[in-house]
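Peer 1: Give me a 3D structure for the following:
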Amino acid sequence: MKFTVLPTVCWQLVPAGSFILALSFTSAAFAQNTFSGALPADGSDRSPLSVTEEKNDLTLRDAARLTLQRNPELASFGKEMRALEGATLQAGLLPNPELMVNVENIGNIQPLTNDVNSPESVAKEVVQQLTTIRISQLIELGGKRAARVTAASLNQQLAAQDFEARRVELIARVANVFTEVLAGQERLRLAEESRELAQRVVSAVAKRVQAGKVPPIEETRAGVAFSTTRIELEQAQRDLVGARKRLALLWGNATPQFNKALGNLESSVALPDFETLAERALASPVALRAIKNIEQRKALLEVEQTLRIPNLTVNAGVVHHAQLGGNTPIAAVVVPLPFFNRNQGNIQQAHQRVDKAIDEQAALELRLKTELTQAYEALSAAQRETGILREEILPAARSAFEVTNKGYELGKFGFLEVLDAQRTLFQNQILYVRALANYQRLVNEIERLIAAPIDSVAEGKLSPSASTGNNANTASRSGM
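Peer 2: Numbers count the residues shown, from 1 in each chain. This is a model prediction of the structure:
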């Protein structure tokens with residue numbers, strides 16, 4: 001599969017033997033919703049470059065754009081991003097002050113009479129109504145609010161990496177299913193061609209039977225071979241219908257409306273060395289998500305550590321004496337004494353979560369390298385296989401059929417030789433299409449792992465800083 005990387009955030013078709021689809025990026029593209037023709041961060045379909053599949057030929061670019069615009073999985077990520085924006089906002093808010101009104105000895109508001117020092121007046125003063133109005137404010141100490149904001153912000157960035165990783169996987173899936181459609185169209189064409197060849201053989205046999213040069217049984221055999229090609233044609237039609245439906249379902253359409261897929265199965269890429277691809281794989285959105293997960297876990301650990309420091313509650317207010325008519329100011333400071341609970345359990349749990357995230361990152365890097373190794377070796381083998389089929393086997397099989405068929409018409413070969421040459425040609429043609437489809441799927445797999453076009457890696461078009469941004473680009477080829 002061939003790719004290109006563009007200097008701006010856009011979808012671009014570049015003619016290079018086949019058309020090339022590339023979705024480039026910047027580190028702030030997701031936050032600013034700047035990638036054109038793709039999906040806004042809220043998951044809605046507001047792109048001015050919206051495409052339609054109805055009664056049109058479909059390119060891979062169109063298929064990817066339709067999927068990015070309409071796929072409900074990506075839309076759900078947009079909603080999650082908005083939810084986490086609210087969580088970050090909430091984490092930075094100050095605690096509200098509290099107002100407390102306390103009334104004691106309700107109703108005893110009779111004024112004192114006679115001598116205020118008399119026993120009767122003293123008794124009334126003791127039980128007089130007291131109204132206390134107090135305002136309390138919690139003051140968080142130890143940087144708790146800043147730690148919460150940092151953790152919430154990192155959680156938001158982690159969701160952005162989840163979005164990017166999912167977007168890369170979705171575009172790779174689109175490319176794979178699009179390849180299946182291209183292969184299905186080619187198999188259908190070959191099946192129709194095989195039926196035409198079989199019809200030629202039937203006509204040639206019929207002429208020889210009428211001329212009395214061969215027995216009638218050969219015409220029966222030719223008819224059986226022709227019926228076999230009809231069955232293969234129907235199977236190719238069913239396979240193509242299934243592939244078209246699977247492609248349309250990626251953007252939520254159960255009934256495909258496009259005419260045909262436009263692409264070139266024979267396009268190829270220059271395979272870079274394994275170390276370069278491995279380096280790119282460790283800078284992909286999936287790998288960056290694991291790194292961001294460690295940062296987020298460390299931020300949560302810091303939040304738990306700040307909770308060891310007790311908060312301060314400041315009270316201030318006034319007490320109103322109903323009978324004496326006076327007001328007394330009051331103030332208080334409340335500080336919990338951390339004798340028993342110093343948040344030890346939560347801190348220990350957060351430490352273990354950090355260690356777990358580090359182990360998960362190491363396991364992910366190992367898995368990425370393993371998958372890349374398998375895909376790299378398989379792609380090298382598939383490249384050799386397609387080359388042998390295209391340059392050696394198919395020309396020889398096609399030449400053998402033409403010579404055998406012509407020789408049969410001249411009486412130099414028997415019908416079994418013609419039938420065998422016909423079957424060999426058709427089988428190798430199908431094998432070649434399958435090999436090409438497998439080659440393209442392996443290219444898609446490598447590009448999914450590195451989240452970048454293979455061609456751009458080989459030519460050094462992607463800068464290391466770009467590959468480590470919040471948004472990783474994916475690219476897929478579309479020949480036309």
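Peer 1: Quick check: W251 vs L170, distance?
Peer 2: 10 Å (CB to CB, to the nearest Å). (C-beta placed from N, C-alpha, C; glycine too.)
Peer 1: Could you name every residue contacting both of these two?
Peer 2: Common neighbours of W251 and L170 (criterion: CB atoms under 8 Å, 6 or more residues apart in numbering): T67, N71.
Peer 1: can you give me the helices for the stretch 201-350 of the chain?
Peer 2: 217-249, 274-281, 285-306, 344-388 (DSSP state H, counting those that start in this stretch).
Peer 1: Would you mind extracting the C-alpha trace of the third one into PDB?
Peer 2: What follows is helix 285-306, C-alpha atoms only, in PDB (Å, rounded to 0.1, in the frame of the first residue of the first chain):
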ATOM      1  CA  PRO A 285      -1.000   6.300  19.300                       C
ATOM      2  CA  VAL A 286      -1.300   2.900  21.000                       C
ATOM      3  CA  ALA A 287       2.300   3.200  22.400                       C
ATOM      4  CA  LEU A 288       1.800   6.900  23.300                       C
ATOM      5  CA  ARG A 289      -1.400   5.900  25.200                       C
ATOM      6  CA  ALA A 290       0.600   3.500  27.400                       C
ATOM      7  CA  ILE A 291       3.000   6.300  28.200                       C
ATOM      8  CA  LYS A 292       0.200   8.700  28.900                       C
ATOM      9  CA  ASN A 293      -1.400   6.100  31.100                       C
ATOM     10  CA  ILE A 294       1.700   6.000  33.300                       C
ATOM     11  CA  GLU A 295       1.700   9.800  33.600                       C
ATOM     12  CA  GLN A 296      -2.000   9.700  34.600                       C
ATOM     13  CA  ARG A 297      -1.400   7.000  37.200                       C
ATOM     14  CA  LYS A 298       1.500   9.100  38.600                       C
ATOM     15  CA  ALA A 299      -0.800  12.100  38.800                       C
ATOM     16  CA  LEU A 300      -3.400  10.000  40.700                       C
ATOM     17  CA  LEU A 301      -0.700   8.900  43.100                       C
ATOM     18  CA  GLU A 302       0.100  12.600  43.700                       C
ATOM     19  CA  VAL A 303      -3.500  13.300  44.400                       C
ATOM     20  CA  GLU A 304      -3.500  10.500  47.000                       C
ATOM     21  CA  GLN A 305      -0.300  11.800  48.600                       C
ATOM     22  CA  THR A 306      -1.700  15.300  49.000                       C
END
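Peer 1: Show me what that helix is packed up against.
Peer 2: helix 144-210, helix 344-388 (3 or more CB pairs under 8 Å, 6 or more residues apart in numbering; DSSP states H and E).
Peer 1: Where does the prediction get shaky in the stretch 101-250 of the chain?
Peer 2: Low-confidence segments of the stretch 101-250 of the chain, defined by pLDDT under 70: 107-127.
Peer 1: For T179, which residues are in contact?
Peer 2: G263, L265, A437, Q440, R441, N444.
Peer 1: Is it correct that the third one is in contact with A183?
Peer 2: The one in question is A437. Yes: A437 lies in contact with A183 (CB atoms under 8 Å); the separation is 3.9 Å.
Peer 1: Neighbour count: those two, which is higher?
Peer 2: Neighbour comparison, A437 and A183: the larger count goes to A183, with 24 against 20 (by other CB atoms under 10 Å).
Peer 1: how close does the residue most central in space within the chain get to L250?
Peer 2: Nearest to the geometric centre of the chain sits R166, at 1.3 Å (CA atoms, centre = their mean). The spacing between R166 and L250, counted by CB to CB, is 13 Å.
Peer 1: same question, Y432
Peer 2: Going from Y432 to L250 by CB to CB gives 27 Å.
Peer 1: between A437 and A183, what contacts are shared?
Peer 2: Shared contacts of A437 and A183 (CB under 8 Å, 6+ apart): L265.
Peer 1: L431: neighbour count?
Peer 2: L431: 15 neighbours (other CB under 10 Å).
Peer 1: my read: it touches L389, true?
Peer 2: Yes: between L431 and L389 there is a contact under CB under 8 Å: 6.5 Å.
Peer 1: how close does the closest residue to V202 other than its chain neighbours sit to E232?
Peer 2: In space, and not counting its chain neighbours, V202 is closest to A222: 4.5 Å by CB to CB, 6 or more residues apart in numbering. Distance of A222 to E232, given as CB to CB: 16 Å.
Peer 1: and if you look at A452?
Peer 2: Going from A452 to E232 by CB to CB gives 39 Å.
Peer 1: returning to what we had before: A222 and E232: which has the busier surroundings?
Peer 2: Ranked by neighbour count (other CB under 10 Å), A222 and E232 place A222 first, with 24 against 20.
Peer 1: Quick check: the more buried one touching K207?
Peer 2: No: here A222 lies out of contact with K207, judged by CB under 8 Å, at a distance of 11.1 Å.
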